[in-house]
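Participant: below are the sequence and a predicted model for it; my questions follow.
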Amino acid sequence: MFCFRLAHIYTEAKAMNDVLNLLKTNGDYFSIIPKARTAKIVRKILHIVASIPDSLAIQIQLCKDVNEWCKAEKRTFLRQRIEAKV
């Protein structure tokens, strides 16, 4: 999927702000696809970011942003999974 490839490219280039924007700009897309698919995509992107050394601050910010989005979109299960990761 395009999100995974872009996330890999951004993390390899250490463009973490672009990874944050990737999730923020795809909010509308995530609203129309099934919740399970959205959760899988978000968890996979978090896993990609976690594989980069010294990215703890970005991981925390990413988790906070996703957590806020989950609250706004009423994605309780995904929010709980993200909170467990932090």
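Facilitator: That came through, no problem.
Participant: only C-alpha atoms for contact and neighbour calcs from this point on.
Facilitator: Fine.
Participant: quick check, distance from the helix or strand Tyr29 falls within to the centre of its chain.
Facilitator: Using DSSP states H and E, Tyr29 sits within helix 27-32. Distance of helix 27-32 from the chain centroid (CA atoms, centre = their mean, to the nearest Å) equals 13 Å.
Participant: residues in contact with it?
Facilitator: Here helix 27-32 makes contact (CA atoms under 8 Å, 6 or more residues apart in numbering) with 38, 73.
Participant: quick one: mean pLDDT over whichever helix or strand comes after it.
Facilitator: Downstream of helix 27-32, the next assigned helix or strand under DSSP H and E is helix 35-50. The predicted model assigns helix 35-50 a mean pLDDT of 85.
Participant: so which bits of helix 35-50 are buried?
Facilitator: Across helix 35-50, burial judged by 16 or more other CA atoms under 10 Å covers 38-39, 41-43, 45-46, 48-49.
Participant: before we move on, what about stretch 14-31?
Facilitator: 16, 18-20, 22-23, 30.
Participant: looking at the residues you listed, which are in helices?
Facilitator: Taking DSSP state H, the ones among these that sit in helices are 16, 18-20, 22-23, 30.
Participant: same list (the residues you listed) but as CSV, adding distance to Leu78 and pLDDT.
Facilitator: Output for these, formatted as CSV (distance: CA to CA, whole Å; pLDDT from 0 to 100):
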residue, distance to Leu78, pLDDT
Met16, 22, 73
Asp18, 22, 81
Val19, 18, 77
Leu20, 17, 77
Leu22, 18, 79
Leu23, 14, 77
Phe30, 12, 80
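Participant: hmm, who's touching the top helix by length along the chain?
Facilitator: For the chain, the helix that runs over the most residues, judged by DSSP H, is helix 56-73. With CA under 8 Å, 6+ apart as the test, helix 56-73 has contacts from 16, 20, 23, 31, 46, 49-50, 76, 78-79, 82-83, 86.
Participant: got the contact list for the residue nearest the centre of the chain?
Facilitator: The centre of the chain sits closest to Val42, judged by CA atoms, centre = their mean, with a distance of 4.0 Å. By CA under 8 Å, 6+ apart, the contact set of Val42 is Leu23.
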